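K.L.:
A structural model of the following input is requested.
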Amino acid sequence: MTETNERLERMREYIGGQFHESPSPFMRWLNPIIRAAEYGALTFEFTIREEMTNPMQLLHGGVTAGIMDDIIGATVFTMGFSSHYTTINNNIDYFAPAKAGDIIEARTSVIKRGRQIINLQCELWLIGKSRLLARGYSNMIKLEGRA
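P.N.:
Here you go, the predicted structure:
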């Protein structure tokens, strides 16, 4: 898609750098690097830190879900709608582990945009090994009367 807007252009200013100015405190904690920003698609890079792992020292499934939920939300935000959207469900398949020190890439895309609901996908990949770690889908619903 070739659409653009002020939010998307602002996101593009951070390509190649850390995204410190996210409105999401969780996203700021994740400390991503923006690799690409297109209408309906984002690519962020994350370095797995020890506090992101479970007792087996692997990327915690809840952090994986949080990464997906936040970057999917950022994808919708950068589409420039006047209404807010919120997550109504997440469905995640976990395929492989990541550990502290690993660098992963999250890639989003819009699967279907309806009048009220947008369905999006997020994939997490282990950089350097081209291994798919997880794939998730989420539905975001428009909140009427909120901008």
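K.L.:
where does this structure dip in pLDDT?
P.N.:
In the predicted model of the chain, residues 1-2, 145-147 satisfy pLDDT under 70.
K.L.:
scan the chain for its longest strand.
P.N.:
Secondary structure assigned by DSSP state E gives strand 131-143 as the longest strand of the chain.
K.L.:
what is the burial count for residue 16?
P.N.:
By other C-beta atoms under 10 Å, 10 other residues sit near residue 16. All C-beta spots, glycine's among them, are computed from the backbone N, C-alpha and C.
K.L.:
close enough to count as contact, it and residue 37?
P.N.:
No. With contact defined as C-beta atoms under 8 Å, residue 16 does not reach residue 37; the gap is 10.9 Å.
K.L.:
dump the C-alpha coordinates for stretch 113-124 into PDB.
P.N.:
What follows is stretch 113-124, C-alpha atoms only, in PDB (Å, rounded to 0.1, in the frame of the first residue of the first chain):
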ATOM      1  CA  ARG A 113      -9.600  -4.700   7.200                       C
ATOM      2  CA  GLY A 114     -13.300  -4.400   7.800                       C
ATOM      3  CA  ARG A 115     -15.400  -1.500   8.800                       C
ATOM      4  CA  GLN A 116     -15.200  -2.300  12.600                       C
ATOM      5  CA  ILE A 117     -12.500  -5.000  12.900                       C
ATOM      6  CA  ILE A 118      -9.000  -5.300  11.500                       C
ATOM      7  CA  ASN A 119      -7.300  -8.800  11.500                       C
ATOM      8  CA  LEU A 120      -3.500  -8.700  11.600                       C
ATOM      9  CA  GLN A 121      -0.700 -11.100  11.700                       C
ATOM     10  CA  CYS A 122       2.700 -10.900  13.500                       C
ATOM     11  CA  GLU A 123       5.700 -13.200  13.000                       C
ATOM     12  CA  LEU A 124       8.700 -13.400  15.200                       C
END
